[in-house]
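Asks: return a 3D structure for these sequence lines:
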Amino acid sequence: MANTKSAKKAVRKITRRTEINRSRRSEMRTEVRKVEEAISSGDKSAAAAALKSVEPFLARTAQKGILHKRTASRKISRLTARVSAMGE
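Replies: Take a look at the predicted model:
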């Protein structure tokens, strides 16, 4: 348990940041899921549109420290490859 004043404040800050990060991570997963659903439905134009909106989102999550930048880059790359591979 935190004993000093600064440790108590650090606990409060951590709690706040955890909530914000959890919400951002959840939103990021939802956006990625939208692309995956569009891919599985076979609608290339919807998948491409969803991918276009998720790319900056993933980059931003990496910038905020929720994902590692290479992880975000890998996710973008794999989603792009899957959308490109779709035939229409």
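
Asks: identify the residues contacting residue 48.
Replies: Residues counted as contacts of residue 48 (CB atoms under 8 Å, 6 or more residues apart in numbering) are residue 83. No exception for glycine: its C-beta is placed from N, CA and C like everyone else's.

Asks: skip the chain neighbours and tell me the closest residue to the one residue sitting closest to the centre of the chain.
Replies: Residue closest to the average C-alpha location in the chain (CA atoms, centre = their mean): residue 28, at 3.0 Å. Nearest residue to residue 28, sequence neighbours excluded (CB to CB, 6 or more residues apart in numbering): residue 61, at 4.8 Å.

Asks: before we move on, back to that, the residue nearest to the centre of the chain in helix, strand or coil?
Replies: helix (DSSP: H, G, I helix; E, B strand; the rest coil).

Asks: rewinding a little: help me confirm that the residue nearest to residue 28 comes into contact with residue 71.
Replies: No. Using CB atoms under 8 Å as the test, residue 61 is too far from residue 71 to be in contact (9.2 Å).

Asks: more neighbours, the two?
Replies: A count of neighbours by other CB atoms under 10 Å puts residue 61 above the other of residue 61 and residue 71, at 24 against 13.

Asks: check the offset of the strand or helix carrying that one from the chain's centre.
Replies: For residue 61, the element it lies in under DSSP states H and E is helix 44-63. Offset of helix 44-63 from its chain centre (CA atoms, centre = their mean, to the nearest Å): 9 Å.

Asks: shared neighbours of residue 61 and residue 71, anything?
Replies: Going by CB under 8 Å, 6+ apart, no residue sits against residue 61 while also sitting against residue 71.

Asks: one step back: the very next helix or strand once past the helix holding residue 61 versus helix 44-63: what angle between them?
Replies: Remark: after helix 44-63, the chain's next helix or strand is helix 69-84, criterion DSSP H and E. If you take axes from the mean of the first three to the mean of the last three CA atoms, to 10 degrees, helix 69-84 sits at 180 degrees to helix 44-63.
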